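J.: predicted model follows, preceded by the sequence.
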Amino acid sequence: MIDSTAVRAARRQALVLTGLLLAVGGLYLGLLGWRSTDVDWWFVPWMEHIIQHGARASLAEPIEIQVAGAQGFANYTPPYLYLLILAGFASDVLSSFALVKLVAVGGAVFCAGCVFYLLRALVPPGVALLGAAGVLLLPTVALNGAAWGQTDTIWSGLAVLVVAFALRERWAAMLITFGVALAFKLQAIFIAPFILHIILSRRVGLRYWPLPLLAYAAMMLPAWLAGRPAWDLARVYLDQAGTYRWLSMNAPNPWSFVQYLRLVPYETGVIIGTLATILAALLLGGLSVLWRRLERVDLLLLAVVVAGSMPYLLPKMHDRYFFLADVLAYALAISRPRPWTIGVAVAIQLGSLGAYAAHMLDFAPGKYLGALLIGAALVVALGQLLRALRRPGAGLSRHASLWPARAGARSVG
């Protein structure tokens, strides 16, 4: 006999999912026409260069653009250009602007799929599906892709997969995905302390350690085969690091205050911030050595702390660099709905949104308010992480979720 309660629950979930998807469709259609300087000055010219000159010529050397106010070269790594090349096959029916937005929205959908895979390790399938759909309605996710035309969704989605693979103890997949994420954006390094914790606490074998480098090299291979020198490919991130001489690019972190008040010179700030970040990364990565190794939702909590604290301490950060913390904090609130997890997720989301407002709407106070909100959220999250580390036995892992196991939550391992 069919359980009528289960049928009713399935129908409710289907209705909620339908409503979410309709809301996503309406929101994204309304945002797609937004024109940002990144799209108009950089991405569209890159797209047009690819359409005009072809894939091989566009990969063989950095794309030179001649746009008023933005003369220079494409300074993203080749994997983003690969996506533009794929989108270029539809250039007969869509404009360059539409193709760039297509890639950006596709990245948002990809990120939602990655969140589903993460949540599926912790909550029932229906909850994971609704949670993944809800990702697309997060303000920073919608604005980053549909409005801004950026692709932080891709490297962040891959970093989410890193956490998901760690929960499942799939070490090779975890490290390969980390390498692929780094190939898209250097900001994927924010998740490195989490990986350090996994390596130390799980004693991941030495044979796995070269995998990120091999994955990174594999992602550069098509560009190298097209004729771009290996040295050029190796120094892309070095060139990016010297692009701006600002301690903060509208980032919602303390360096916005330091820069505004001119408390320290640029060079001094870079040194102090970098050293502080390295120290914090080593401390967070070595937590298992000091206390005990973390399990299940505790690991996700660690990932939230790591993803938020790295760009919070680092100078030279941009407004978008808390995107991974946005998504992981949301996933934590879905997988362990408590007042403090929801509060942390909301504070980080609002903090990032304040930085977006500073960039997209010239609302300068947004980044300062964002820094305060994210700082408060990190204090709460770090406090909960320390409590979990001190708790004897299995700790939070035995009470990781409000969702009943009988509803179909998949175990990890």
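T.: Thanks, I have it.
J.: give the contact list for residue 74.
T.: 42, 46, 62, 63, 65, 81 (Cβ atoms under 8 Å, 6 or more residues apart in numbering). The way it works is simple: take the backbone N, C-alpha and C, and place the C-beta from them, glycine included.
J.: how does it look with 6 Å?
T.: Neighbour list for residue 74: 46, 62, 63 [criterion: Cβ atoms under 6 Å, 6 or more residues apart in numbering].
J.: just the element for the residue nearest to the spatial centre of the chain, please.
T.: Nearest residue to the geometric centre of the chain (Cα atoms, centre = their mean): residue 156, 2.3 Å. For residue 156, the element it lies in under DSSP states H and E is helix 152-167.
J.: in this structure, what spans have low per-residue confidence?
T.: Within the chain, the stretches with pLDDT under 70 are 1-3, 65-73, 241-243, 288-290, 392-413.
J.: give me that answer again for 50
T.: Where the chain drops to pLDDT under 50, the residues are 1, 69-70, 394-401, 405-413.
J.: which helix is the longest one in it?
T.: Ranked by number of residues, the top helix in the chain under DSSP state H is helix 4-31.
J.: same for that one, what does it pack against?
T.: helix 125-135 (3 or more Cβ pairs under 6 Å, 6 or more residues apart in numbering; DSSP states H and E).
J.: go again with 8 Å.
T.: Helices and strands touching helix 4-31, by 3 or more Cβ pairs under 8 Å, 6 or more residues apart in numbering; DSSP states H and E, are helix 125-135, helix 139-142.
J.: which residues does the longest one contact?
T.: To tie it back to what came earlier, the one meant is helix 125-135. So helix 125-135 is contacted by 9-10, 13, 16-17, 20-21, 24, 108, 111-113, 115-116, 119-120, 122-123, 141, 327, 330-331, 334-335, 403, 407-408, 410 (Cβ under 8 Å, 6+ apart).
J.: give me the next element, helix or strand, following the host helix or strand of residue 86.
T.: Per DSSP H and E, residue 86 falls inside helix 78-87. Counting by DSSP H and E, the element after helix 78-87 in chain order, helix or strand, is helix 96-120.
J.: could you give the angle of that next one to helix 152-167?
T.: 20 degrees (axes from the mean of the first three to the mean of the last three Cα atoms, to 10 degrees).
J.: follow-up on the earlier one: roughly how far is the helix or strand that the longest helix of the chain is followed by from the heart of the chain?
T.: Next in sequence after helix 4-31, counting helices and strands by DSSP H and E, comes helix 37. Centroid displacement of helix 37 relative to its chain, using Cα atoms, centre = their mean, to the nearest Å, is 21 Å.
J.: now do the buried residues in the following helix or strand past helix 37.
T.: Under the assignment DSSP H and E, the closest C-terminal helix or strand after helix 37 is helix 44-53. Neighbour-count burial for helix 44-53 flags 44, 45, 46, 47, 48, 49, 50, 51 (criterion: 16 or more other Cβ atoms under 10 Å).
J.: next secondary structure after helix 44-53?
T.: Note on helix 44-53: by DSSP H and E, the next helix or strand toward the C-terminus is helix 55-60.
J.: that older thread, which one among the contacts of residue 74 gets closest to residue 376?
T.: Of all the contacts of residue 74, residue 46 has the smallest distance to residue 376: 38.7 Å, by Cβ to Cβ.
J.: just the buried residues of stretch 160-175, please?
T.: 160-168, 170-171, 173-175.
J.: can you pull the domain assignment for this structure?
T.: Here the domain parsing of the chain from automatic domain parsing is 26-243, 244-401.
J.: where's the closest residue to residue 48 other than its chain neighbours relative to residue 137, distance?
T.: Among residues not flanking residue 48 along the chain, residue 96 sits closest, at 5.0 Å (Cβ to Cβ, 6 or more residues apart in numbering). Look at residue 96 and residue 137: by Cβ to Cβ, to the nearest Å, they are 28 Å apart.
J.: again, but for residue 188
T.: 24 Å.
J.: more neighbours: which of the two?
T.: Shown here are residue 188 and residue 137; by other Cβ atoms under 10 Å, residue 188 has more neighbours (23 against 15).
J.: against residue 44, how distant is the more buried one?
T.: Distance from residue 188 to residue 44, by Cβ to Cβ: 25 Å.
J.: what does residue 146 give?
T.: 16 Å.
J.: where exactly do the strands run in the stretch 201-350 of the chain?
T.: 248-249, 317-318 (DSSP state E, counting those that start in this stretch).
J.: want to throw these into CSV with distance to residue 363?
T.: What follows is the strands of the stretch 201-350 of the chain, written out as CSV (distance: least, Cβ to Cβ, whole Å):
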stretch, distance to residue 363
strand 248-249, 15
strand 317-318, 16
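J.: of all those, which one comes closest to residue 31?
T.: strand 317-318 (19.9 Å).
J.: neighbouring contacts of that closest one?
T.: 248, 249, 250, 251, 253, 255, 311.
J.: of those residues, which belong to helices?
T.: Reading helices off the contacts of strand 317-318 with DSSP H, I get 255, 311.
J.: out of the contacts of strand 317-318, what pair is the most spread apart?
T.: Across the contacts of strand 317-318 (Cβ to Cβ), the longest gap, 12.1 Å, separates 250 and 311.
J.: tell me which of these two has more neighbours.
T.: Comparing residue 250 with residue 311 by other Cβ under 10 Å, the one with more neighbours is residue 311, at 26 against 21.
J.: residue contacts, the closest residue to residue 191 other than its chain neighbours?
T.: Leaving aside its sequence neighbours, residue 191 sits nearest to residue 159 (Cβ to Cβ, 6+ apart; 4.5 Å). Neighbour list for residue 159: 178, 181, 188, 190, 191, 307, 324 [criterion: Cβ under 8 Å, 6+ apart].
J.: at 7 Å instead, please
T.: The neighbours of residue 159, taking Cβ atoms under 7 Å, 6 or more residues apart in numbering as the test, are 181, 188, 191, 324.
J.: circling back to that earlier point, which among the contacts of residue 74 gets closest to residue 373?
T.: Closest approach between the contacts of residue 74 and residue 373, by Cβ to Cβ: residue 46, at 34.1 Å.
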